[in-house]
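Student: Structural data only, the sequence is not supplied:
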């Protein structure tokens, strides 16, 4: 069980360490849209009949994305004329345009949609509120979720084996208690005869 917990924590700690090392301590302004996104696999791109894009998995409340009408489940294909093929492309396209109004091209329910979003300007050295933490905790969370998905089957097996061994141990203790009660009864009977 300790090994499973360690396997869950290590990717998160590694990502946070990398984020801390790579974090920009300067006060340069960076753009913020306010979405979590995931890369789409090749089969998903084919199924959606698109060449590129990232899936929006969450939209922050009171964010530029929310104000622009971007929703969870949308697929962002371009921001400000820059093609988006990965979450890092999206972050780069947004961060390079603090305070600017950009056109976001997305796909929603099979149809292309274009919305305007005014990117928030944020200091890179300050915490951007509840939605985003300096560095890259998005990646840390994604890696933690991935690690959980990867080890979940083994963790379930380990938990089942643990429960079975505990059940077996309880049964053995019950048997020993029963034998001890029988021995006490025999001793008690023998003392009465003597």
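Tutor: Perfect, thanks for sending it. Note that this is a predicted model, so its numbers are computed, not measured.

Student: contacts and neighbour counts: CA atoms only from here.
Tutor: OK.

Student: Any buried residues in stretch 74-86, and which?
Tutor: The neighbour-count criterion (16 or more other C-alpha atoms under 10 Å) identifies 74, 75, 76, 77, 78, 79, 80, 82, 83, 84, 85, 86 as the buried residues of stretch 74-86.

Student: Which elements pack onto the strand or helix carrying residue 141?
Tutor: Using DSSP states H and E, residue 141 maps to helix 137-193. For helix 137-193, the elements it packs on are helix 2-22, judged by 3 or more C-alpha pairs under 8 Å, 6 or more residues apart in numbering; DSSP states H and E.

Student: Show me what the mean pLDDT comes to for the helix it packs on.
Tutor: Mean pLDDT, helix 2-22: 53.

Student: Over to stretch 112-124?
Tutor: Here stretch 112-124 scores 86 as its mean pLDDT.

Student: same deal with stretch 83-96?
Tutor: Computed over stretch 83-96, the mean pLDDT rounds to 90.

Student: in it, what counts as buried?
Tutor: For stretch 83-96, a neighbour-count test (16+ other C-alpha under 10 Å) marks 83, 84, 85, 86, 87, 89, 90, 91, 92, 93, 94, 95 as buried.

Student: Would you mind pulling the contact partners of that stretch?
Tutor: Residues outside stretch 83-96 that contact it (C-alpha atoms under 8 Å, 6 or more residues apart in numbering) are 30-33, 37-40, 52-54, 76-80, 82, 119.

Student: Cross those against strands and list the overlap.
Tutor: When those are checked against strands using DSSP state E, the ones located there are 30, 31, 32, 37, 38, 39, 54, 76, 77, 78, 79, 82.

Student: Please tabulate these in JSON lines and include distance to residue 169 as additional columns.
Tutor: Converted to JSON lines, these look like this (distance: C-alpha to C-alpha, whole Å):
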{"residue": "30", "distance to residue 169": "59"}
{"residue": "31", "distance to residue 169": "59"}
{"residue": "32", "distance to residue 169": "56"}
{"residue": "37", "distance to residue 169": "47"}
{"residue": "38", "distance to residue 169": "46"}
{"residue": "39", "distance to residue 169": "47"}
{"residue": "54", "distance to residue 169": "51"}
{"residue": "76", "distance to residue 169": "55"}
{"residue": "77", "distance to residue 169": "58"}
{"residue": "78", "distance to residue 169": "60"}
{"residue": "79", "distance to residue 169": "61"}
{"residue": "82", "distance to residue 169": "62"}
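
Student: out of those residues, who's nearest residue 190?
Tutor: The shortest gap between residue 190 and any of the ones in strands among the contacts of stretch 83-96 belongs to residue 38, at 76.3 Å (C-alpha to C-alpha).
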